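**Q** need a structure here:
(chains A and B)
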There are 2 protein chains.
Amino acid sequence: MVVIDLTRVLAGPFCTMILADLGARVIKVETPGAGDDSRGFPPTVGGRSAYFMSLNRGKESIALDLRAAGDSHLFEALLGAGDVLVENFRPGVLERLGFGWGRLRTDFPRLIYLAASGFGHSGPYAERPAYDMVVQGMGGIMSVTGQPDGPPTRVGTSIGDLTAGLYAAVAIGAALHHRNATGGGMMIDVAMLDCQVAILENAIARYCATGEVPQPLGARHPSIAPFAPFATADGHVIIACGNQALFERLAVTLDRPQLATDARYADNAARSRHAAELARDIEAITRTRPTPHWLAALHAAGIPCSPINNVAQVLADPQVAARNMVVGIDDPGLGWLKVAGNPIKMSAFADPARRGPAPALDEQRALIIAELRETGALE
Amino acid sequence: MVVIDLTRVLAGPFCTMILADLGARVIKVETPGAGDDSRGFPPTVGGRSAYFMSLNRGKESIALDLRAAGDSHLFEALLGAGDVLVENFRPGVLERLGFGWGRLRTDFPRLIYLAASGFGHSGPYAERPAYDMVVQGMGGIMSVTGQPDGPPTRVGTSIGDLTAGLYAAVAIGAALHHRNATGGGMMIDVAMLDCQVAILENAIARYCATGEVPQPLGARHPSIAPFAPFATADGHVIIACGNQALFERLAVTLDRPQLATDARYADNAARSRHAAELARDIEAITRTRPTPHWLAALHAAGIPCSPINNVAQVLADPQVAARNMVVGIDDPGLGWLKVAGNPIKMSAFADPARRGPAPALDEQRALIIAELRETGALE
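**A** Numbering: from 1, shown residues only, chains lettered A, B, ... in the order given. This next block holds a predicted model:
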């Protein structure tokens, strides 16, 4: 599978990174001169952007000026040889470069064309610029994230971009399946804002069922208690008692069996009503020992629990290592860079712990042109 | 495409909902008696769970006790007729029911078997129970979400489940593409924890490049200013000045041209160093008028901006409506329920504003059995 990749920065490159991790050949078509803007994003390692490298590992690069006749002709040959075209320009940009869907569908009837954008190719906001923060604010996720009555809080990763990249990858798989059956390509229009609405998911049904507008709840569960992080001597431990038996076991594990017989905590409904008192009672105990002590005791009792790991701790976690979720890029001249692995583990394919480096701008130009000539796609 | 769906609650049902929205036939196989646990989740509309209905619209249901010989036989016939099996039991459960991958790969060589779980089918934590809150804590996203030095903050939707559902849908598309080429099925193992690591994404590369552990930053951007929500007379407005020209335009739009000539704000690096002072200077102005005033002025100036919409405001947004991102389920007996639409807009398919209702437990039993008999899959 060959992906012709016009994407820049995050949403689009994240999509094509997933495709590359799954075995697709991704040919990144960049602007001559600077290339993908994110090549300049800090921090750098040996003068190259770690941000760019993590998102573009295993891709190839060719620099083309689509406004120049020769390069435009070369791009046409690439489209003829490709299965999928992905771009995340603002709506209208690709059309003005002479490659709108009206033309693509005629000249390349098998091509799957995915356009990712902030607001999509239709509707009153189609032409507006978007950033992750803009769609997080507009799409509702910020309204349910943070502390009650606290300041605005965004999700700490660029979930607006990442979710759009994921939906785009889902869409491409579905379109390939359709093409395998029918022979025909299609255009797919994925908007960051739409994807934010999609991950609100049942919050919409809950609001429509009750009329209550969902609010931020810090880190606790809206209707289960105890089901939250609790302070320990050196941090926090998340304790998630999803049923009555787990709560009773928790009381024993904390060496406070009286919690389980306290009328205020008799069942989940009572505990939810007294969630603040229950948290104080639990923290009076958990604060006396450090997090590792409580994790060991809770695991031994079979109570769902976890630490709040920072990025360094995530990378050191034995499960994360066992699942090969931190892989290495062996960059020529720079050495080893760690990046997130591929969470799709398939029995039919290996899951290499070493991924190809990100390309230098225009690095595969000669190779790509030679291949296009060899197959007759370019004369 | 026929999906045999053993999933319960959220991660699995979200995956098969995406497949159903894309046109797959999803046959939900539920436990006799209560069915999917989430059929009991509040709030209810007319005695039925709005949570369940939103996630299971357009699916069919059959209740099977896989430990009973007759039902197990029927399930085998379903697997023979299906393309994909999806389950989100704890590792080992399906094997103990007699349908482990060792058998499935032999008896159903074309079957794509996707197992979604908290920690995956390998590694030291494989058998542990997981909830969304547990993997949000363990996977690092909570460590970068929230206010600096503030209390622990989770992402306000169940991003641990939803991300796993999305990766599972990506994986199924890739496996179908592989099967179209080779004829062979495969097992896919998707873990919620792995998916949390994957959406940390370039935070891993940034940490490895600098050794600095990423921290929560509230709602501001780590290295661009102004790029955050700012208080207005009645709420907040997000202003995202991604370059110098936008900042200069902002100074004019706020009627404070001196901001653009202030040495502290001369370029993005200077503004980032003085981000707190800059926020105070901007809010001194933005607090004087309500959010709609500033949105109109900023849009007119072409400056990326947005409100922080709550769920009710998201549903009322004209772009969300124009993109068909709130669709209706016309439930027999209950009437109309609004749910999130499908963010994958494909030129080859319609995007109906009306989706099929969620099934009652065992609702399609007679239909499914009659079809299996008709095709000879069941004698």
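**Q** neighbours around residue A:182, how many?
**A** 11 (other CB atoms under 10 Å in any protein chain shown). Where you see a C-beta, it was placed from the backbone N, CA and C, and this is true even at glycine.
**Q** let me fix that: residue A:199
**A** Residue A:199 - counted by other CB under 10 Å - has 27 other residues nearby.
**Q** beyond the helix or strand that contains it, next helix or strand please.
**A** Assessed by DSSP states H and E, residue A:199 sits inside helix A:192-200. Next helix or strand after helix A:192-200 toward the C-terminus (DSSP H and E): helix A:202-210.
**Q** next, the buried residues of that next one.
**A** A:202-209 (16 or more other CB atoms under 10 Å in any protein chain shown).
**Q** could these go into a markdown table alongside distance to chain B?
**A** What follows is these, written out as a markdown table (distance: CB to the nearest CB, whole Å):
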| residue | distance to chain B |
| --- | --- |
| A:202 | 5 |
| A:203 | 6 |
| A:204 | 5 |
| A:205 | 4 |
| A:206 | 6 |
| A:207 | 5 |
| A:208 | 4 |
| A:209 | 4 |
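**Q** which of those residues has the weakest pLDDT?
**A** Minimum pLDDT across the buried residues of helix A:202-210 is recorded for residue A:202, with 82.
**Q** helix/strand/coil for residue A:4?
**A** For residue A:4, the secondary-structure state derived from DSSP: H, G, I helix; E, B strand; the rest coil is strand.
**Q** separation between it and chain B?
**A** Applying CB to the nearest CB, to the nearest Å, the value for residue A:4 to chain B is 17 Å.
**Q** now do the contacts for that residue.
**A** Shown in contact with residue A:4 (CB atoms under 8 Å, 6 or more residues apart in numbering or on different chains): A:27, A:29, A:75, A:78-79, A:82, A:84-86.
**Q** dig out what it forms beta bridges with.
**A** Going by DSSP bridges, residue A:4 is paired in beta bridges with residue A:27, residue A:85.
**Q** okay, domains of chain A per the record?
**A** With domains defined by automatic domain parsing, chain A comprises A:2-200+A:322-374, A:227-307.
**Q** okay, the ones you listed in CSV with mean pLDDT next?
**A** As requested, the domains of chain A are arranged in CSV below (pLDDT from 0 to 100):
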stretch, mean pLDDT
domain A:2-200+A:322-374, 96
domain A:227-307, 96
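**Q** out of these, which one sits most buried?
**A** With neighbours defined as mean count of other CB atoms under 10 Å in any protein chain shown, the domains of chain A peak in mean count at domain A:2-200+A:322-374, which reaches a mean of 21.
**Q** could you pull out the helices in the stretch 151-300 of chain A for me?
**A** All helices of the stretch 151-300 of chain A, identified by DSSP state H, counting those that start in this stretch, fall at A:159-182, A:192-200, A:202-210, A:244-253, A:258-261, A:268-273, A:275-286, A:291-300.
**Q** now for the second one, which elements pack on it?
**A** Contact analysis of helix A:192-200 by 3 or more CB pairs under 8 Å, 6 or more residues apart in numbering or on different chains; DSSP states H and E lists helix A:132-138, helix A:159-182, helix B:311-316, helix B:318-322, strand B:335-340 as its packing neighbours.
**Q** closest to residue A:108 out of these?
**A** helix A:159-182 (11.8 Å; CB to CB).
**Q** show me how far that closest one is from its chain's centre.
**A** 14 Å (CA atoms, centre = their mean, to the nearest Å).
**Q** how about stretch A:96-112?
**A** 28 Å.
**Q** how about chain A: which residue is closest to chain B?
**A** Residue nearest to chain B within chain A: residue A:173 (1.8 Å; CB to the nearest CB).
**Q** wait, what's in contact with the closest residue to that residue other than its chain neighbours?
**A** Distances taken as CB to CB, 6 or more residues apart in numbering or on different chains put residue B:173 closest to residue A:173, at 1.8 Å, once the chain neighbours are dropped. Contacts of residue B:173 were listed using CB under 8 Å, 6+ apart, and they are A:169-170, A:172-174, A:176-177.
**Q** show me the contacts for residue A:219.
**A** Contacts of residue A:219 (CB under 8 Å, 6+ apart): A:228-229, A:238, B:133, B:142, B:151-154.
**Q** having no further points to raise, I will conclude here.
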